[in-house]
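K.L.:
here are the coordinates; sequence isn't available:
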């Protein structure tokens, strides 16, 4: 069964003369339990694909199937129980006036959970933050701790598909490794499917099974991570990207 | 826990409960505010004003409405009338003390009406966008295009003179700047990741506006309101001065200046004392606003 199936996805911003085509006929499939990487330089449209899947980029055409179900233009609430997203910048993705407890509590409340207190405790343990962080505000947390809270929030509705938008690029190197290991552990623990956007090939090589290389809004090549490690890209741009990352 | 002082408990980085976290945030804010001497002076003056207004019958040496034509226009320092008497022989100090009640009443009413209306219009307009935004903002523009006092004059003229109508008129002319601020803030907030994140949890527009956007707009509005209070007091005094606000014999400060105007060359204190009162309270609000800005800025904690 495929978790995510995207066919001929176009995303654009603006109208008429100002129209910018951010993604052009992207097509790929992510199997259940797989970890799929999207790589490419800045502005190549990789994050836009994630935003189109979640409905944050409203102007798109093509077909998106999640768990073999077509996704309507207006996402139903059940959609957000299946698909969740972790944002790039943990400094911008937490409400500056809401404590960790409020962030997680509200998320759980919105998804209709009853035993909110127990679940907040469990979520914090899952992402490696102890109880002492529960009532802190974002400004009392470090970047890595914030990203852990953001991951906990994404895990709260118990999703099956997690979209990761460069989850470590705003963190310093030692913290990056911690977060990547946490994500790898969580995937195993909760049997999650990942779609991970990154411009860092070593991160994708570490985290993903397959990856797509994007350039100027188009997917130029989809390959296995083993091919990446052997540096066997067929498309000249993908080959160039591999060369540059060594 | 037991050997922890209250101060340590309040300043901890590891709050243990929801209330603890709230109290701790409040206390940190208070510490920031307290370190601003000028803001503390402003707060002090306003607390004094509230105490004076509350205890007016005890504090005032005379009845503010009792006339004594034999002792009219008594100068400063006259026995029994420290601030002198006005043209009808009423004790100016007592009138100032009772006038504090009217000033506070005006300030409280305007502060309840104008920013709330502005916040509502501005956040809805900013978050909804599209034609809602266009319609609401053009209405705001129309109100902004009128000179404030002139529009207030027109309202009072239509509704009849009186303190309530003056307040209503001032509120109706005071909300557009708040709507503009709230809209501008909303526009920057709505595109942020934390709003995207809560949308991904399936939150509706009402929840996002009231629980996520309002808390971030309110602080800048509070600062703006305190800074505007001086203007509001002056507008109320101006309406009183023009005879369209509080009606005699009400001891409203603006109306008192208006009465004293006739004798300003020979008996300057009749107009000066209420003028000084307006000046002091306006200044206090300005100082308070400056201090609050330091405390309430949401980015200050980072």
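P.N.:
On my side now, so go ahead. In this text the structure is predicted, and so the values were computed from the model without any measurement.
K.L.:
Tell me how far the closest residue to residue A:198 other than its chain neighbours lies from residue A:69.
P.N.:
Counting by Cβ to Cβ, 6 or more residues apart in numbering or on different chains, the nearest residue to residue A:198 once its immediate chain neighbours are dropped is residue A:204, at 5.1 Å. C-beta: built from backbone N, CA, C; applies to glycine. Per Cβ to Cβ, to the nearest Å, residue A:204 is found 28 Å from residue A:69.
K.L.:
more crowded one of the two?
P.N.:
More neighbours surround residue A:204 than the other of residue A:204 and residue A:69, with 24 against 12 (other Cβ atoms under 10 Å in any protein chain shown).
K.L.:
so where's the chain shaky on pLDDT?
P.N.:
As the question left the chain open, I've gone with chain A. Scanning chain A with the threshold set as pLDDT under 70 gives A:246.
K.L.:
not what I meant, chain B
P.N.:
B:1-4, B:297-302.
K.L.:
Okay, and the beta partners of the residue most central in space within chain A?
P.N.:
For chain A, the residue nearest the mean C-alpha position is residue A:164 (1.6 Å; Cα atoms, centre = their mean). Residue A:164 has these beta-bridge partners by DSSP bridges: residue A:86, residue A:196.
K.L.:
Isn't it up against residue A:187?
P.N.:
No: between residue A:164 and residue A:187 there is no contact under Cβ atoms under 8 Å: 10.3 Å.
K.L.:
Show me where chain B has its helices.
P.N.:
Applying DSSP state H to chain B gives helices spanning B:6-11, B:18-34, B:37-54, B:56-59, B:92-128, B:130-145, B:148-159, B:163-190, B:193-199, B:205-207, B:214-241, B:253-260, B:269-296.
K.L.:
typo on my end, it should be chain A
P.N.:
Counting by DSSP H, the helices of chain A are A:46-54, A:77-82, A:100-110, A:116-126, A:143-155, A:173-190, A:201-207, A:225-229, A:236-245.
K.L.:
Give the buried residues for the shortest one.
P.N.:
Going back to what we said before, that points to helix A:225-229. Using 16 or more other Cβ atoms under 10 Å in any protein chain shown as the test for burial, helix A:225-229 gives A:225, A:227-228.
K.L.:
Turn these into CSV, including distance to chain B.
P.N.:
Shown next, in CSV, are the buried residues of helix A:225-229 (distance: Cβ to the nearest Cβ, whole Å):
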residue, distance to chain B
A:225, 28
A:227, 33
A:228, 29
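K.L.:
for those residues, which one is nearest residue B:200?
P.N.:
residue A:225 (28.0 Å; Cβ to Cβ).
K.L.:
got the contact list for that closest one?
P.N.:
By Cβ atoms under 8 Å, 6 or more residues apart in numbering or on different chains, residue A:225 lies in contact with A:37, A:204-205, A:208-211.
K.L.:
and it, how far is that from residue B:75?
P.N.:
94 Å.
K.L.:
rewinding a little: same list, the helices of chain B, but as TSV with distance to chain A and mean neighbour count please.
P.N.:
Listed next are these as TSV, based on distance: least, Cβ to the nearest Cβ, whole Å; neighbours: other Cβ atoms under 10 Å in any protein chain shown:
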stretch	distance to chain A	mean neighbour count
helix B:6-11	12	12
helix B:18-34	4	15
helix B:37-54	22	16
helix B:56-59	39	13
helix B:92-128	14	21
helix B:130-145	12	13
helix B:148-159	32	17
helix B:163-190	9	22
helix B:193-199	4	21
helix B:205-207	8	13
helix B:214-241	5	21
helix B:253-260	38	25
helix B:269-296	11	20
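K.L.:
could I get the ones you listed as a markdown table with distance to residue A:118?
P.N.:
Listed next are the helices of chain B as a markdown table, based on distance: least, Cβ to Cβ, whole Å:
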| stretch | distance to residue A:118 |
| --- | --- |
| helix B:6-11 | 26 |
| helix B:18-34 | 16 |
| helix B:37-54 | 43 |
| helix B:56-59 | 55 |
| helix B:92-128 | 33 |
| helix B:130-145 | 41 |
| helix B:148-159 | 55 |
| helix B:163-190 | 32 |
| helix B:193-199 | 22 |
| helix B:205-207 | 23 |
| helix B:214-241 | 27 |
| helix B:253-260 | 59 |
| helix B:269-296 | 35 |
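K.L.:
and of the ones you listed, who's closest to residue A:153?
P.N.:
Per Cβ to Cβ, nearest to residue A:153 of these: helix B:193-199, 6.7 Å.
K.L.:
could you say what helices and strands that closest one packs with?
P.N.:
Applying 3 or more Cβ pairs under 8 Å, 6 or more residues apart in numbering or on different chains; DSSP states H and E, we find helix B:193-199 packed against helix A:100-110.
K.L.:
what's in contact with the helix it packs on?
P.N.:
A:94-95, A:98, A:116, A:119-120, A:123-124, A:129, A:133-138, A:141, A:149, A:152-153, A:156-157, B:18, B:21, B:198, B:201-203, B:207, B:211.
K.L.:
for stretch B:256-269, same thing?
P.N.:
With Cβ under 8 Å, 6+ apart as the test, stretch B:256-269 has contacts from B:73, B:75-76, B:83-84, B:86-87, B:92, B:95-96, B:99, B:237, B:240-243, B:248, B:270-275, B:278.
K.L.:
returning to that earlier point: is it possible to get a markdown table of the helices of chain A that adds distance to residue B:139?
P.N.:
Below are the helices of chain A laid out as a markdown table (distance: least, Cβ to Cβ, whole Å):
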| stretch | distance to residue B:139 |
| --- | --- |
| helix A:46-54 | 33 |
| helix A:77-82 | 34 |
| helix A:100-110 | 33 |
| helix A:116-126 | 41 |
| helix A:143-155 | 38 |
| helix A:173-190 | 48 |
| helix A:201-207 | 51 |
| helix A:225-229 | 58 |
| helix A:236-245 | 53 |
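K.L.:
Among those helices, which comes closest to residue B:288?
P.N.:
Per Cβ to Cβ, nearest to residue B:288 of these: helix A:100-110, 28.7 Å.
K.L.:
now that closest one and helix B:18-34, what's the angle there?
P.N.:
130 degrees (axes from the mean of the first three to the mean of the last three Cα atoms, to 10 degrees).
K.L.:
Run the angle between helix A:100-110 and helix A:143-155 for me.
P.N.:
10 degrees.
K.L.:
What residues sit buried inside helix A:100-110?
P.N.:
For helix A:100-110, burial by neighbour count (16+ other Cβ under 10 Å) applies to A:100-108, A:110.
K.L.:
Quickly check those for the two that are furthest apart.
P.N.:
Among the buried residues of helix A:100-110, A:100 and A:110 lie farthest apart (Cβ to Cβ), at 16.1 Å.
K.L.:
which parts of chain A sit against chain B?
P.N.:
Within chain A, the positions lying close to chain B (Cβ under 8 Å from any Cβ of the partner chain) are A:54, A:56, A:77, A:80, A:84-85, A:87-89, A:92-99, A:101, A:106-107, A:110-111, A:132-133, A:135-137, A:139-140, A:150, A:153, A:156-157.
K.L.:
Generate a PyMOL selection restricted to the buried subset of those residues.
P.N.:
If you want just the buried ones from the residues of chain A next to chain B in PyMOL, going by 16+ other Cβ under 10 Å, the selection is:
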select buried, chain A and resi 54+56+80+84+85+87+88+89+92+93+94+95+96+97+98+99+101+106+107+110+111+133+135+136+137+139+140+150+153+156+157
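K.L.:
Having no further points to raise, I will conclude here.
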